[in-house]
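S.K.: Predicted model, plus sequence, below.
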Amino acid sequence: MTENTNESVDEIMKISKIKFYDEDESAKRKDYLEWEEYFMGIAFLAAQRSKDPATQVGACIVDDDKKIVAIGYNGLPIKCSDDTFPWSKNSDDPLKNKYMYVCHAEVNAILNKNSIDVKGCTLYVALFPCNECSKIIIQSRIKEVVFCSDKHAEKPHTVASKRLLDAAGIKYRQFVPNHKKIIIDFDKINES
Ligand SMILES: Nc1ccn([C@H]2C[C@H](O)[C@@H](COP(=O)(O)O)O2)c(=O)n1
């Protein structure tokens with residue numbers, strides 16, 4: 001009985017290693033994007049839609065089946081013209097700065113979801129979420145945040161944000177890419 005079982009395990013192991021092709025000539029491509037690079041790449045691509053001249057942020061929300069359920073980037077609310085509201089950040093008059101008006105990428109992604117909800121999903125975002133976004137991340141029951149940059153780690157809005165996420169038991173971790181750059185070349189498809 002034991003012998004038979006071991007034999008079948010050996011058989012399965014052999015079958016799982018069978019290659020139906022010549023290894024050198026037809027193996028799969030090696031420098032494909034890992035899932036996390038793909039999701040963060042989508043977030044960075046979405047950021048290119050942002051009209052903010054200083055900082056473009058994108059977010060991509062993914063469910064447990066690795067399906068993208070939401071994408072967003074930082075921008076003005078619907079019907080608030082990109083050409084009417086200010087994009088500056090250093091005016092002494094707060095009403096002349098963008099901060100009063102811009103919706104953050106994370107919030108836009110959550111509001112634009114194409115699923116019923118984002119419960120249990122993972123949020124990929126270029127910049128660590130601020131405290132206001134974290135409140136909404138928590139309330140929408142996102143389970144994990146993967147961020148690229150934490151360049152505002154010392155600022156109160158990031159410190160507060162981490163306190164909120166920690167209290168709510170939401171995990172967050174920094175994205176570690178294999179590829180430092182992803183290039184989109186619209187001409188490449190015409191090659192070979
Ligand atoms: N997690 C974040 C952080 C920032 N944003 C947006 C909000 C502004 O449009 C811009 C930040 O402006 P800055 O002061 O860096 O010029 O990025 C976001 O969407 N998500």
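M.R.: Yes, it's here.
S.K.: just checking, Ala70 is part of a strand?
M.R.: Yes: checked against DSSP: H, G, I helix; E, B strand; the rest coil, Ala70 lies within a strand.
S.K.: Regarding the spatially most central residue of the chain, what is its secondary structure?
M.R.: Centroid check for the chain by Cα atoms, centre = their mean gives Tyr124 as the closest residue, at 2.2 Å. Following three-state DSSP, we place Tyr124 in the strand state.
S.K.: hang on, it packs against Cys60?
M.R.: Yes: in terms of Cβ atoms under 8 Å, Tyr124 counts as a neighbour of Cys60; the distance is 4.6 Å. All C-beta spots, glycine's among them, are computed from the backbone N, C-alpha and C.
S.K.: Next, show the common contact partners of those two.
M.R.: Phe39, Met40, Ile42, Ala43 (Cβ atoms under 8 Å, 6 or more residues apart in numbering).
S.K.: Quick check: Asp187 vs the ligand, distance?
M.R.: Distance, Asp187 to the ligand, by Cβ to the nearest ligand atom, to the nearest Å: 31 Å.
S.K.: And for that residue, the neighbour number?
M.R.: 6 (other Cβ atoms under 10 Å).
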